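1. Generate coordinates for the sequence data below:
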Amino acid sequence: MLGRNIKKYRLLSGLSLRDMAARLGVSHQTIKKYEDETMVPNSLKLIEIAKLLNVNISDLVYSYSIPALKYENFRKNSSLSKKKEDGLKMLIADEIAKYLEILNFADELYSFDKEKWRFEVESINSIESIAIKVRKMLGLSDDCALENLTDKLEDNNFLILDIDFEEKFDGFCEYVDDLAFIILSSKGYERNRFTLAHELGHLILDFKEKLDDKEKEKYCDLFAASLLMPEKAMKRELALGKRKILSNVSINEILLLAKEYQVSLNAIIMRLFSLGIIDENKKRNLFILLSKKGLRTKQLKFIEEHPTRMYKTIFKLEAENIISTNEAIKYLGATTDEYFKLYFGG
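-> Just a heads-up that it's a prediction; the model follows:
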C-alpha cells in the first residue's frame, strides 16, 4: 500500500513523476519504482516524501482492503485535471475502505434495504410525488423545512463521508457490498445539502425511461429541489393563496427562505421558477440583483451540517478498547492535537 499511497498523494498534489523526482533529487524511474513497490524508500527519503506531499508518514504507510468502484455517479468540474481526478478517486476508495473496516471492527452489519429505498420513475412527472414519499419515510410532512438531512439519512443507514478537497469536486455515490455510500466535498454546506439530496436521487431513483447522463442529472436536480423545498411549503411560505403566480418577491424574502430551508439563494429562485410561482422575467431580475449584491456565487454557509456516524463509531470503539487512541487518530485522519480538540471540544 505504500506505493499506492505515494501515487495517490502525488496525483492529488498535481505532480508528475518528473516533478516529484526533481524535488526529491532522484530519477523519475525511482519514483515509479516506489509507486510500483519494486523499490522501497529508506526512512529519510520517506520523511522527505511526506514533507513534499504535505502528509503524515502514517498517511503513507497505512493499509486497507480497497473496494472496486465503478465511479458511475462521479460529479466534478470539467476543469479538474486528470491527475487530480485520478488521485481523488483513489482517495474516495480509501475513505470508503476505512469506513468498511471501522464497521467491521464495530461488528455492525449495517444491512441496507435497497428495495425499500428503490423508487420507479416512469417520467419526470413522477419526481415530485417520490420526493414526498421519501420525506414521509424520513418522518416529515411536505409543508416544512428539512432541518438535518445528513442526520436523517445516517439514521437510515446511508453512509456519508465528507472529504477535504477543492471546489472542483461535488459529489459521488455508489453501492458497495450492498451498502449505500455518499461522498461529499467539505465545502460550503448549503450547496452540499443540495448535492447530498441529488446523490440520494442517484441511489434510489430507478429510471424506467432510457435517459442519458444529462437527463439523469436533471431528474436528480428536480428530486433534490422537491425534497428540500416541497411545493406545498413554498406556496405556504409566500402566502400564495389562490394566486398562481407572484407579481413580486424581494431579495430579502429569498434570503429568509434560503436560511430556513438551508439551501442557496440560487436554489430558491430556481425552485420558485420551476413551480411557476415566479415568471422568467422575475427570475432574471432576481439573478441580476444577486449579482449586483455579490451574492450570485457566494456561499453564505447558513448551517453546520456534517456526517457524524463514523466519528461516533470510532469513539465507541476506542472507549471499549477495541482500538487504541493511535488507531482512532489514524481512522479520523487527524493529528494528535486535532484529535484531542475534536474529542474534548474547543
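2. Within the helices and strands, which one has residue 162?
-> Using DSSP states H and E, residue 162 falls within strand 159-163.
3. In PDB, list the C-alpha atoms belonging to that strand.
-> Output of strand 159-163 as PDB, limited to C-alpha atoms (Å, rounded to 0.1, in the frame of the first residue of the first chain):
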ATOM      1  CA  LEU A 159     -23.100   6.000   5.000                       C
ATOM      2  CA  ILE A 160     -22.000   9.600   4.400                       C
ATOM      3  CA  LEU A 161     -18.500  11.000   4.200                       C
ATOM      4  CA  ASP A 162     -17.200  14.400   3.500                       C
ATOM      5  CA  ILE A 163     -13.600  14.800   2.300                       C
END
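4. In terms of secondary structure, what does it contact?
-> helix 82-105, helix 149-155, strand 179-185, helix 309-319 (3 or more Cβ pairs under 8 Å, 6 or more residues apart in numbering; DSSP states H and E). Any C-beta I mention is one placed from the backbone N, CA and C, and that applies to glycine too.
5. Adjacent strands (with direction) for it?
-> The pairing partners recorded for strand 159-163 under DSSP bridges are strand 179-185 (parallel).
6. Do a quick rundown of the helices in the stretch 1-150 of the chain.
-> Assigned helices in the stretch 1-150 of the chain, in chain order: 2-12, 17-24, 28-36, 43-53, 57-61, 82-105, 127-137, 149-155 (criterion: DSSP state H, counting those that start in this stretch).
7. Need the winner for burial among those helices.
-> helix 2-12 (a mean of 21; mean count of other Cβ atoms under 10 Å).
8. Against which helices or strands is that helix packed?
-> helix 28-36, helix 43-53, helix 57-61, helix 82-105.
9. Helix, strand or coil: sort out residue 210 for me.
-> coil (DSSP: H, G, I helix; E, B strand; the rest coil).
10. Run a quick neighbour tally on it.
-> Neighbours of residue 210 under the rule other Cβ atoms under 10 Å: 6.
11. next one: residue 182
-> Residue 182: 26 neighbours (other Cβ under 10 Å).
12. contacting residues around it?
-> The contact partners of residue 182, taken as Cβ atoms under 8 Å, 6 or more residues apart in numbering, are 153, 158, 159, 160, 161, 171, 172, 173, 196, 199, 200, 203.
13. Can you add distance to residue 111 and pLDDT and give those residues back as CSV?
-> CSV is the format used below for the contacts of residue 182 (distance: Cβ to Cβ, whole Å; pLDDT from 0 to 100):
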residue, distance to residue 111, pLDDT
153, 16, 96
158, 13, 96
159, 12, 96
160, 17, 96
161, 19, 94
171, 24, 90
172, 22, 93
173, 18, 95
196, 22, 94
199, 21, 96
200, 18, 97
203, 16, 96
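14. And the residues you listed, which is closest to residue 336?
-> When the contacts of residue 182 are compared for distance to residue 336 (Cβ to Cβ), residue 161 wins out at 22.1 Å.
15. Does the closest one touch residue 181 like I think?
-> Yes. Contact criterion Cβ atoms under 8 Å: residue 161 and residue 181 qualify, at 7.2 Å.
16. what do those two both touch?
-> Counting by Cβ under 8 Å, 6+ apart, the residues touching both residue 161 and residue 181 are 96, 99.
17. And these two? Which one has more around it.
-> Counting neighbours by other Cβ under 10 Å for residue 161 and for residue 181 shows that residue 181 has the greater number, 24 against 19.
18. Distance of residue 315 relative to residue 335?
-> Computed as Cβ to Cβ, to the nearest Å, the residue 315 to residue 335 distance reads 17 Å.
19. residue contacts, the nearest residue to residue 32 once chain neighbours are set aside?
-> Nearest non-adjacent residue to residue 32, counting by Cβ to Cβ, 6 or more residues apart in numbering: residue 17, 5.8 Å away. Contacts for residue 17 (Cβ under 8 Å, 6+ apart) come out as 10, 28, 31, 32.
20. CA-only coordinates of stretch 14-23 in CSV, if you can.
-> Extracted C-alpha coordinates of stretch 14-23, given in CSV (Å, rounded to 0.1, in the frame of the first residue of the first chain):
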residue,chain,number,x,y,z
GLY,A,14,-0.9,17.7,-9.2
LEU,A,15,2.8,16.5,-9.5
SER,A,16,4.1,14.4,-12.4
LEU,A,17,6.7,11.7,-11.8
ARG,A,18,9.4,14.1,-13.1
ASP,A,19,8.1,17.0,-11.0
MET,A,20,8.3,14.9,-7.8
ALA,A,21,11.6,13.3,-8.8
ALA,A,22,13.2,16.7,-9.3
ARG,A,23,12.1,18.0,-5.9
